[in-house]
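Undergrad: The following block contains a protein sequence and its predicted model.
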Amino acid sequence: MEWCVSDSPSDVPENYYCADRGEFGARIDNLSADLKSGGKMSDDDIYMVAAMVGEIGNNSFDHNIGNWPDLPGVFFGWHIDASGAQIVLADRGQGVMATLAKIKPEISNHQEALKTAFFERISGRAPENRGNGLKFVREGVKTTKIHLTFISGDAQAEINQDFEINPADKFIRGCLAIIETKKYEN
Amino acid sequence: MKIEIKKFGDMLMSRPAGREAYLALSAYLTKGVDRKESLEIDFGGVKVLAPSWADEVITPLAQEFENIKLLNTENSTVRATLATLREYSDLKI
């Protein structure tokens, strides 16, 4: 959390930091292998989690390329124990609202930006289709019955079978996503 | 003709990787092929297909070819990705 809220990027252990997509992709392979050896999830769910992680992390690279405010890349770490896995992704990018404001200037706050990102059809850099990965993530969270906390700006979305947005405790300029694979059946 | 998606890898994510795959298949597989010819896209062996990759490959193929058949789409990420593209990227297959 400190890494993405501090004014300047603090040092982060090398094995939690992916400076580029290549490194990020390789570490998703490692995550999949670790989830598999954890033995708590079906292959289908592991693949879906890997796809969701891929969409969230690659969004960071897609929407900040050439425009990182300070440090490029993503924080990417996970912890797996008997109760399940916790996967954390974060970036020090521009955040969802600043990204969407370029194509939907009427967005006036971070909560609205998150709702747009997770529900509305959008295109980040016309004529390319961009920015629809978070809709996939929302559906994936439902089908795998896991929990996703997604924070950007002062908005915090809690996503499982439901979708709820509240003010975040701390302002995060970029994005922070926490995936918890313990089953949520609500 | 048939395109075996697993030949591009079994974990398919990110737009740049998808764009590269599409350029390769446009140059070596679909170049010169009649757009009315039947095209089979086979997802057999794919473990992870993310919408960012698929939107750079499947969406343009669907716009180019009139007769597309999707094979081996049982994988959960393949199904979910195709559903996302149908809803948000005008994928018509």
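TA: Yep, it's here.

Undergrad: Tell me which residues touch residue 91, please.
TA: Reading this off chain A. A:4, A:60, A:64, A:73-75, A:174-175 (CB atoms under 8 Å, 6 or more residues apart in numbering or on different chains). In this view, the C-beta of every residue, glycine as well, is placed from N, C-alpha and C.

Undergrad: right idea, wrong chain: chain B
TA: Counted by CB under 8 Å, 6+ apart, B:Leu91 has contacts B:58-59, B:62, B:82, B:85.

Undergrad: Which residue is the nearest non-sequential neighbour of it?
TA: Distances taken as CB to CB, 6 or more residues apart in numbering or on different chains put B:Leu85 closest to B:Leu91, at 3.9 Å, once the chain neighbours are dropped.

Undergrad: try A:Ser83
TA: Among residues not flanking A:Ser83 along the chain, A:Lys182 sits closest, at 5.6 Å (CB to CB, 6+ apart).

Undergrad: now that neighbour, what's its secondary structure?
TA: coil (DSSP: H, G, I helix; E, B strand; the rest coil).

Undergrad: Could you give the number of residues near it?
TA: By the criterion of other CB atoms under 10 Å in any protein chain shown, A:Lys182 has 12 neighbours.

Undergrad: A:Glu23 now?
TA: What A:Glu23 shows, counting by other CB under 10 Å, is a neighbour count of 14.

Undergrad: Let me know whether the residue nearest to A:Ser83 touches A:Ala82 as I believe.
TA: No - counting by CB atoms under 8 Å, A:Ala82 is not a contact partner of A:Lys182; they are 10.3 Å apart.

Undergrad: shared neighbours, the two?
TA: Shared contacts of A:Lys182 and A:Ala82, counting by CB under 8 Å, 6+ apart, come down to nothing at all.

Undergrad: Could you check which helix or strand contains the residue of chain A found nearest chain B?
TA: Closest residue of chain A to chain B, CB to the nearest CB: A:Gly54 (3.5 Å). Using DSSP states H and E, A:Gly54 falls within helix A:43-64.

Undergrad: follow-up on the earlier one: show me the residues around the residue nearest to B:Leu91 that make contact.
TA: B:Leu85 makes contact with B:51, B:54-55, B:58-59, B:91 under the criterion CB under 8 Å, 6+ apart.

Undergrad: Likewise for A:Gly95?
TA: Counting by CB under 8 Å, 6+ apart, A:Gly95 touches A:110, A:113, A:152-153, A:172-175.
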